[in-house]
Each structure stands twice: as structure tokens, then as C-alpha cells.
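Engineer: Prediction below, plus the sequence it came from.
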Amino acid sequence: MKGVKKAVWNMDEKIITVLFESKKISLEKTRELLAEAGHGTDGLCAHKKTLKSLPKCCKYTRDK
């Protein structure tokens with residue numbers, strides 16, 4: 001995605017870290033793209049259908 005430099009999924013911690021250029025892509029758009037890919041963020045949950053289709057190593061449950 002234009003503006004996203006790097007994304008790293010930490011399987012042990014179940015956390016994705018994204019490096020992006022805020023002049024090319026907004027934080028909100030980055031969060032939306034992550035949710036579409038099955039990764040929840042602060043204030044935005046992963047799309048349920050996508051989350052179900054992820055490999056077992058990438059699935060997680062969020063603390064409420």
C-alpha cells in the first residue's frame with residue numbers, strides 16, 4: 001500500500017507493528033486496512049469474516 005513502509009507481525013505477542021508515512025496515508029486509513037486484513041487496532045476491530053480465514057498463527061482474541 002502506498003505510504004506503508006513496513007509491517008511486522010509478532011506471533012508471540014500477537015501484535016502487528018506498522019511503519020507508515022503520514023503524508024501519504026493517514027492513521028485512520030492504515031487502521032481500516034489492518035481491519036480489512038484481519039488485525040484489530042485501537043478503536044477498530046478486525047473484520048470477523050477475514051479474521052476467521054486467517055491462519056491459526058495469526059488468530060487472536062482481544063481483551064475487552
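Structural biologist: Good, I have the coordinates. Numbers count the residues shown, from 1 in each chain.

Engineer: how about the lowest-mean-pLDDT helix or strand in the chain: buried residues?
Structural biologist: Across the helices and strands of the chain, mean pLDDT, DSSP states H and E gives its lowest value to helix 48-53, namely a mean of 81. The neighbour-count check on helix 48-53 (16 or more other C-beta atoms under 10 Å) flags residue 51 as buried. Yep, even glycine has a C-beta here, placed from its N, CA and C like the rest.

Engineer: From the rest of the structure, what touches it?
Structural biologist: The contact list for helix 48-53 (C-beta atoms under 8 Å, 6 or more residues apart in numbering) reads 36, 37, 38, 59.

Engineer: And it, how far out from the chain middle?
Structural biologist: In terms of C-alpha atoms, centre = their mean, to the nearest Å, the gap separating the centre of helix 48-53 from the centre of its chain is 13 Å.

Engineer: and what of stretch 33-40?
Structural biologist: Distance, centroid of stretch 33-40 to centroid of chain: 4 Å (C-alpha atoms, centre = their mean).

Engineer: residues contacting residue 58?
Structural biologist: 9, 11, 38.

Engineer: if you set the cut-off to 7 Å instead, what comes out?
Structural biologist: 9, 38 (C-beta atoms under 7 Å, 6 or more residues apart in numbering).

Engineer: Next one, pLDDT for it please.
Structural biologist: Turning to residue 58, the model gives it a pLDDT of 72.
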